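*Asks:* Quick one, what's the 3D model for this:
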Amino acid sequence: MTAGELDPADPEGAIAAAAARVSNWGRWGPDDVLGTMNFLDDDTRRAAAAAIRTGRSFSLSQSFDMDGPQKGWRRRTNPVHTMLDTGTDAVAGIQGFPHGLGGADDVIAMPLQCSTQWDGLGHIFDHGRAWNGRPAEQVVTSLGDQVTGIETVADVICGRGVLLDVGRAIGENGELPDGFAITRDHLEQTVAAQGATAEIRRGDIVVVRTGRLTRARREGWGEYAGGPAPGLSFTTADWLHATEIAAIATDTWGFEVRPNEFEVAFQPLHQVAIPQIGLFIGEMWDLDALAEACAEDGIYDFFLTAAPIKITGAVGSPVNPVAVR
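*Replies:* Got it, this is the predicted structure:
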């Protein structure tokens, strides 16, 4: 079986074969915790500043509120935002502050992957092995990710971002249908259609727009969280490895095409990309406003900063990515 062929009845074989082709285990030494973020070095980051042309900035984050898409799968819920102190309390004089001082304070409770987020390297295992071949039970325990916690990349995820608007380049009316598997050919067709500024370089942070979030905005959340969706084909594992990108994110809940391309499987591309390639994956990013701006002037690269919250031992993190064009 070649990299571009799949036997729908054999996910185990496909995963094993892909892992053998693309594994980066040992590439940066036995103690590595950065994975593909090693491609995003100081020189690459400094060169990325050239992508700032107008200074216009775009948040690529969805909202964090109770109107989000989550439905409770594996205890993933929407954020619960609670006020601890309010203007009502201040006016009532019950806060106990002197000389007329009043204030507001609040708290939020939420799963770390309930909205726009990064998957960390401790998020997915392959046959009991985490990134770089470590035994999963020695990496993530009840105390959290003791090796590759999301805090290890808190200061490195900023550099050149590239939008691949596959929804606009390949789809109808700027959107791909559910179940559409984005192949290497589709990605390369999109690069060709968008021109020189969409060229993928070593250390890039690639963002792929499918249009799925656009449809959710128009029709309601429906099955956005966990249901059918366009996304990357399992066969793109070789492209993800060969391009030496630092990270990739999409506007969908699960990054890869759903339903997955095998008869019985659950997120098989995750199983190769995270523990084997060491790739950072972003999900539920809001790329619509950025895509409109890129389509207007034909420029598809930008400076992107997307630091996770420095939550010690977390295997994922909310993020407010900001693209500066």
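
*Asks:* from here on, contacts and neighbour counts on C-alpha atoms
*Replies:* Will do.

*Asks:* three-state assignment of the most far-flung residue of the chain relative to its centre?
*Replies:* For the chain, the largest distance from the centre (Cα atoms, centre = their mean) belongs to residue 99, which lies 47.5 Å off. Secondary structure, DSSP: H, G, I helix; E, B strand; the rest coil: residue 99 is coil.

*Asks:* do residue 14 as well
*Replies:* Residue 14 is classified as helix under three-state DSSP.

*Asks:* Could you find the closest non-adjacent residue to it?
*Replies:* The shortest distance from residue 14 to any non-neighbouring residue, by Cα to Cα, 6 or more residues apart in numbering, is to residue 6 (7.0 Å).

*Asks:* which residues touch the one helix or strand residue 45 maps to?
*Replies:* According to DSSP states H and E, residue 45 maps onto helix 42-48. For helix 42-48, contacts defined as Cα atoms under 8 Å, 6 or more residues apart in numbering pick out 158, 159, 160, 203, 302, 303.

*Asks:* follow-up on the earlier one: tell me how far the residue farthest from the centre of the chain lies from residue 84.
*Replies:* Counting by Cα to Cα, to the nearest Å, the gap from residue 99 to residue 84 is 21 Å.

*Asks:* Equivalent analysis for residue 297, please.
*Replies:* 46 Å.

*Asks:* same question, residue 44
*Replies:* Distance, residue 44 to residue 84, by Cα to Cα: 44 Å.

*Asks:* more crowded one of these two?
*Replies:* Neighbours per residue, other Cα atoms under 10 Å: of residue 44 and residue 84, the larger number sits with residue 44, 17 against 10.

*Asks:* Now do the more buried one against residue 67, distance only.
*Replies:* 38 Å.

*Asks:* quick one, strands of the stretch 51-200 of the chain?
*Replies:* Here the stretch 51-200 of the chain has its strands, by DSSP state E, counting those that start in this stretch, at 57-59, 80-85, 105-109, 117-119, 140-141, 144-145, 158-165, 181-182.

*Asks:* which residues touch the closest residue in space to residue 109 that isn't next to it in sequence?
*Replies:* Using Cα to Cα, 6+ apart and skipping residues adjacent in sequence, the residue nearest residue 109 is residue 80, 5.2 Å away. Applying Cα under 8 Å, 6+ apart to residue 80 gives the contacts 65, 66, 108, 109, 110.

*Asks:* So which of these wins on neighbours?
*Replies:* For the contacts of residue 80, neighbours were counted using other Cα under 10 Å, and residue 110 has the most, 18 neighbours in all.
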